[in-house]
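Chemist: take this sequence and fold it.
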Amino acid sequence: MTDRLSGQLDLTSLFDPHTAPVVVRSLDLRTDDVARDSDALCAVIGSPAVQPDSAADASRTPGYASEILKAWHTSGTDLPSRLSGTYALAIVDTRRQCVFLAVDRFAIETLCYRSDGKTLAFSDRADCVQGRGDELDPQAIFDYLYFHMIPAPRTIFRQVRRLPAAHSLLIDRNGVHETRHWPLLFDEQHRQPFAAARDTFRNLIRDSVTEEVAGHERVGAFLSGGTDSSTVAGMLCQITGKPAPAYSIGFDAEGYDEMEYARLAARHFGCEHHEYYVTPADLVASIPAVAQHHDQPFGNSSALPAYYCARIAQADGCTKMLAGDGGDELFGGNTRYAAQRVFEYYHSLPQSVRRLIEPMCTDGSPLRKIPGLRQATGYVRHSRVPMPDRLQSFNLIMQLDPAKVLTADFLAQIDVGEPTRHMQATWNECQAPSLINRMLAYDWRYTLADSDLPKVRGATRMAGIEVGYPLLSDRLTDFSMALPPDWKLRRFKLRWFFKEALRGFLPDEILTKKKKGFGLPFGVWATRTPALKQLAEDSLDTLAKRGIVRPDFIQKLITEHLPEHPGYYGEMVWILTMLEQWLRGQEARENRPPSGNPLRRQLAWRDWRRKHRQADISRPKRLSLKSASLHRPSRQRND
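Modeler: Numbering: from 1, shown residues only. Predicted structure coming up:
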């Protein structure tokens, strides 16, 4: 895999007045857009725009980097406040003797880095940061098993960090300083007539789609049949004045296919509609490649269908795809928002009443044995869990019990409470008065920046096609932050304003359809398709030898849990399979000597108990990609 923005510099030379000027002239960067002057350089990827200091400065200089470098000299570390659009940037300033890194509001463009005080290396891919070493972070692996992705700032590599969305990094003589450059400020007191807000909203969507289309002859749209993708596809038809290419993925599995709504939207807007049904054979063929394309383990199961959608569009002549990501998270469309409002009602009861109720809802309460009342006591118990912990009350690995899933050696190196602290810190970044806005801000981090956007970004880059997110434009985001909270969640009605504002534009059937996720029927297919079952079993068999997951858990997962509840336990099989496939890909990239089929080369857990049977046995060895730490499997397969 190759990165699009990377570099490495000697901080010692940068901080020395005698050698600093040479740094700018000699620094070797991988990027298509870089600007230099006598004091500094700027490298950037994405499509940023710079707000001029004055009307006199509004004239555009060639290249984004030149504009940004000019703004840096006048604004310094306040630079991101003048930027909009998507970007990841690096600035090296010899006069100020500092390095400045930054990413956009939602980390649509990403940036990872490694710094030891003497050297700084950065890249838009964690696995391409120079000098990163091969040591993996066990905590990051647990975070992956918990979230099904690894939230920033941690990465799978112990020495590499990823800039969180809307953050910047300053490295100078005083050290490393990471800062949020875009505050999460919702204006909940703002009021405006509905008609005016509706017209503004529609115009903002039109403008955003228009900006994304500029410079491309053939632009397509992901079309799932939901409100967001249908809105983007419909607006694309209006703007281009012709049937817009729209691409939909279906599954021949009961309860997973929504193609009928995609067809309805395509007919309504007159799209040039393309359909593809992903099959179990597609999963067998593509799981290793999709897993290994990402720069760290990534478990969002929609990544594979998104890849097929993008691949078909690219083969069809499109140079760019438009995705509908962001509508749910900006305007209140996820079903858990309404569910959490139900739980919050419990806290409106007087404390004296709650004191009477809660003792009757304990594990030993006889009410827990009575149908109907058991559900009522469950509501009370669930309501008492504070936010944001309540959002993970049914977290898969915690429900299964980490001690039953993970080996004792692995558990000794991690903190199972770390994800909870990470979520609490993220929750505290937003102090909006309303619950709905705090949940939206929370999801901007975990759902968008760390999961859904990497999914679409990875799928499109793997397919060799650009992608744009018109519903995540800065102006639309700012507009959403000034809407009244009850326009997003009105009682229990999700995204009330979004749907009412687009009534007459979107088909009524799409406006009223029940919210449904874009799930992959992996578990169901894994129990029915021998080749897919073999791929999963082979992956988990190898993973069991790495010392991360308990072999007895994997055995039970495959032989008992998955056949009994494929929809539920299939998710665990999926994330473990993707973890193993990613590890295999990294090993292959390390160019170590083959051991039978190169896909069988493993990252294994060093047997620290064998080497440390004496006094300090409590300190385990670290996970590493070094071949010396590999435990070769006794059984070989040629797939």
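Chemist: got any ranges where the stretch 401-550 of the chain has weak pLDDT?
Modeler: Where the stretch 401-550 of the chain drops to pLDDT under 70, the residues are 515-518.
Chemist: so where do the strands sit in it?
Modeler: Applying DSSP state E, counting those that start in this stretch to the stretch 401-550 of the chain gives strands spanning 466-468, 489-490, 493-494.
Chemist: can you lay out those strands as JSON lines showing mean neighbour count and distance to F147?
Modeler: Glycine gets a C-beta too; all of them are placed from N, C-alpha and C. Formatted as JSON lines, the strands of the stretch 401-550 of the chain follow (neighbours: other CB atoms under 10 Å; distance: least, CB to CB, whole Å):
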{"stretch": "strand 466-468", "mean neighbour count": "22", "distance to F147": "23"}
{"stretch": "strand 489-490", "mean neighbour count": "21", "distance to F147": "24"}
{"stretch": "strand 493-494", "mean neighbour count": "17", "distance to F147": "23"}
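Chemist: got the contact list for W72?
Modeler: In this structure, W72 makes contact with A40, C42, L79, I91, D93, F100, judged by CB atoms under 8 Å, 6 or more residues apart in numbering.
Chemist: I'd like the strands of the stretch 401-550 of the chain as JSON lines, with distance to E344 appended.
Modeler: Shown next, in JSON lines, are the strands of the stretch 401-550 of the chain (distance: least, CB to CB, whole Å):
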{"stretch": "strand 466-468", "distance to E344": "36"}
{"stretch": "strand 489-490", "distance to E344": "11"}
{"stretch": "strand 493-494", "distance to E344": "15"}
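Chemist: hang on, the earlier thing: from the contacts of W72, which is closest to P297?
Modeler: F100 (29.5 Å; CB to CB).
Chemist: is the closest one in a helix, a strand, or coil?
Modeler: The local conformation at F100, judged by DSSP: H, G, I helix; E, B strand; the rest coil, is strand.
Chemist: what's the burial count for the nearest residue to it once chain neighbours are set aside?
Modeler: Nearest-residue entry for F100: I91, 4.3 Å, with adjacent residues in sequence omitted and distances by CB to CB, 6 or more residues apart in numbering. I91: 26 surrounding residues under other CB atoms under 10 Å.
Chemist: coming back round to it: please identify which of the strands of the stretch 401-550 of the chain is closest to S365.
Modeler: strand 489-490 (32.3 Å).
Chemist: show me what that closest one is packed against.
Modeler: helix 335-345 (3 or more CB pairs under 8 Å, 6 or more residues apart in numbering; DSSP states H and E).
Chemist: re earlier: neighbour-wise, which of the contacts of W72 leads?
Modeler: Busiest of the contacts of W72 [other CB under 10 Å] is C42, holding 28 neighbours.
Chemist: does that one touch Y87 like I think?
Modeler: No - counting by CB atoms under 8 Å, C42 does not reach Y87; the two are 10.7 Å apart.
Chemist: any idea which element A376 lies in?
Modeler: A376 belongs to helix 373-383 when assigned by DSSP states H and E.
Chemist: could you point out which element follows that helix?
Modeler: Defined by DSSP H and E, the subsequent element after helix 373-383 is helix 396-400.
Chemist: domain map for the chain?
Modeler: With domains defined by automatic domain parsing, the chain comprises 6-180, 194-283+316-332+441-512, 522-629.
Chemist: helix or strand with the lowest mean pLDDT in this structure?
Modeler: Ranking every helix and strand in the chain by mean pLDDT, DSSP states H and E puts helix 608-611 at the bottom, with a mean of 34.
Chemist: ok so, going back, between the contacts of W72, which sits nearest L557?
Modeler: The shortest gap between L557 and any of the contacts of W72 belongs to F100, at 46.3 Å (CB to CB).
Chemist: residues contacting the closest one?
Modeler: Taking CB under 8 Å, 6+ apart, we find F100 in contact with W72, T77, L79, L89, A90, I91, D93, S168, L169, L170, I171.
Chemist: specify the beta-bridge partners of the nearest residue to the second one once chain neighbours are set aside.
Modeler: Of all residues beyond its chain neighbours, the one nearest T77 is L170 (5.8 Å), with distances taken as CB to CB, 6+ apart. On the basis of DSSP bridges, L170 takes part in beta bridges with F100, H177.
Chemist: L170 reaches Q97, doesn't it?
Modeler: No - assessed by CB under 8 Å, L170 is found out of contact with Q97, at 11.2 Å.
Chemist: so where does the closest residue to L29 other than its chain neighbours fall, helix or strand?
Modeler: Residue nearest to L29 in three dimensions, not counting chain neighbours: G7, with 4.3 Å by CB to CB, 6+ apart. Taking DSSP H and E as the definition, G7 sits inside strand 6-10.
Chemist: how about residues contacting the next helix or strand after that strand?
Modeler: Sequence order places helix 11-14 as the next helix or strand after strand 6-10, per DSSP H and E. The contact list for helix 11-14 (CB under 8 Å, 6+ apart) reads 19-20, 22-23, 92, 94, 97-99, 115, 117-120, 171.
Chemist: need the contact list for D474.
Modeler: D474 makes contacts with S84, G85, R105, as judged by CB under 8 Å, 6+ apart.
Chemist: typo on my end, Y442
Modeler: P388, L391, M423, T426, W427, C430.
Chemist: between these, which has the most around it?
Modeler: M423 (21 neighbours).
Chemist: now that residue. Nearest residue, chain neighbours left out?
Modeler: P388 (4.9 Å).
Chemist: buried ones in the lengthiest helix in the chain?
Modeler: Longest helix in the chain, counting residues (DSSP state H): helix 566-589. Using 16 or more other CB atoms under 10 Å as the test for burial, helix 566-589 gives 566, 569-587.
Chemist: also stretch 480-495?
Modeler: Within stretch 480-495, judged by 16+ other CB under 10 Å, the buried ones are S480, M481, L483, P484, P485, W487, K488, L489, R490, L494, R495.
Chemist: chain neighbours aside, what residue packs nearest to the fifth one?
Modeler: In this case it means P485. S434 (3.9 Å).
Chemist: let me see the contact set for that neighbour.
Modeler: F186, E188, P485.
Chemist: gap between the first one and F479?
Modeler: With the distance defined as CB to CB, to the nearest Å, F186 ends up 12 Å from F479.
Chemist: more neighbours: those two, which one.
Modeler: It is F186, of F186 and F479, that has more neighbours when counted by other CB under 10 Å, with 21 against 17.
Chemist: show me what contacts the more buried one?
Modeler: Taking CB under 8 Å, 6+ apart as the test, what F186 contacts is C430, A432, S434, N437, A441, M481, A482.
Chemist: circling back to that earlier point, most neighbours of all the contacts of D474, which one?
Modeler: Of the contacts of D474, with other CB under 10 Å as the count, R105 tops at 24 neighbours.
Chemist: so where is the protein shaky, pLDDT-wise?
Modeler: 53-62, 515-518, 591-639.
Chemist: let's see that with 80 instead.
Modeler: Applying pLDDT under 80 to the chain flags the ranges 1, 53-62, 363-364, 367-369, 371-375, 515-519, 590-639.
Chemist: returning to what we had before: okay, and which of the buried residues of stretch 480-495 map to helices?
Modeler: S480, M481, P485, W487, K488.
Chemist: and of the residues you listed, the nearest to V213?
Modeler: S480 (22.0 Å).
Chemist: and the helix or strand harbouring I312, which residues are buried?
Modeler: I312 belongs to helix 303-315 when assigned by DSSP H and E. For helix 303-315, burial by neighbour count (16+ other CB under 10 Å) applies to A303, L304, P305, A306, Y307, Y308, C309, A310, R311, I312, A313, Q314.
Chemist: just stretch 461-470 next, same as before
Modeler: Those buried within stretch 461-470 under the rule 16+ other CB under 10 Å are R461, M462, A463, I465, E466, V467, G468, Y469, P470.
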